[in-house]
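Enquirer: quick one, structure for this:
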Amino acid sequence: VQLQAYGGGLVQAGGSLRLSCAASGRTLRSYAVGWFRQAPGKEREFVAAISRSGVSTYYADFVKGRFTISRDNSKNTVYLQMNSLKPEDTAVYYCAAGAVSAVQSNYDYWGQGTLVTVSS
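Expert: You can find the predicted model right below:
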């Protein structure tokens, strides 16, 4: 499955963005999907994940209450709604498909990343 992450951009602190992860090649409903991010000079870290059905969601503590992951299997797309953005949310955001987990090695397919920049 090929993944395309998009929707990043420049936003002021306190603003919102919605990232999308669109799949092609195979149906995304066969996979759990996770979002990860990598800030400049830092390791890539887990942000959120959603089960294949969308019933179960998981979040890193630093985004709980601000970010929401969802999916529309009819559109082969997973979303990450990001509200109350902070400058420390600035990073390249990646989506990945695989087994639901906060562990990167559990994901088999990765998108190319989309840059989110939050200005103060």
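Enquirer: next, name the residue at the spatial heart of the chain.
Expert: Trp35 (2.8 Å; C-alpha atoms, centre = their mean).
Enquirer: if I look at the closest residue in space to that residue that isn't next to it in sequence, how far off is Tyr59?
Expert: Excluding its sequence neighbours, the residue lying closest to Trp35 (C-beta to C-beta, 6 or more residues apart in numbering) is Val47, at 4.3 Å. No exception for glycine: its C-beta is placed from N, CA and C like everyone else's. Plainly put, Val47 is 7 Å away from Tyr59 if you go by C-beta to C-beta, to the nearest Å.
Enquirer: and the residue nearest to Trp35, how many neighbours?
Expert: 25 (other C-beta atoms under 10 Å).
Enquirer: Gly8 too?
Expert: Neighbours of Gly8 using other C-beta under 10 Å come to 18.
Enquirer: show me what contacts it?
Expert: By C-beta atoms under 8 Å, 6 or more residues apart in numbering, the residues touching Gly8 are 17, 19, 92-93, 114-117.
Enquirer: can you give me the strands in this protein?
Expert: Secondary structure of the chain by DSSP state E: the strands cover 2-6, 9-12, 17-24, 32-38, 45-50, 57-59, 67-72, 77-82, 91-98, 107-110, 114-119.
Enquirer: possible to save those as CSV with mean pLDDT?
Expert: Shown next, in CSV, are the strands of the chain (pLDDT from 0 to 100):
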stretch, mean pLDDT
strand 2-6, 96
strand 9-12, 98
strand 17-24, 96
strand 32-38, 98
strand 45-50, 98
strand 57-59, 97
strand 67-72, 98
strand 77-82, 98
strand 91-98, 98
strand 107-110, 96
strand 114-119, 98
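Enquirer: tell me the confidence at Gly25?
Expert: On pLDDT, Gly25 comes in at 84.
Enquirer: for Ser74, see how far away it is.
Expert: Distance from Gly25 to Ser74, by C-beta to C-beta: 17 Å.
Enquirer: contact partners for Val1?
Expert: Contacts of Val1 by C-beta under 8 Å, 6+ apart are 23-28, 30-31, 97, 109.
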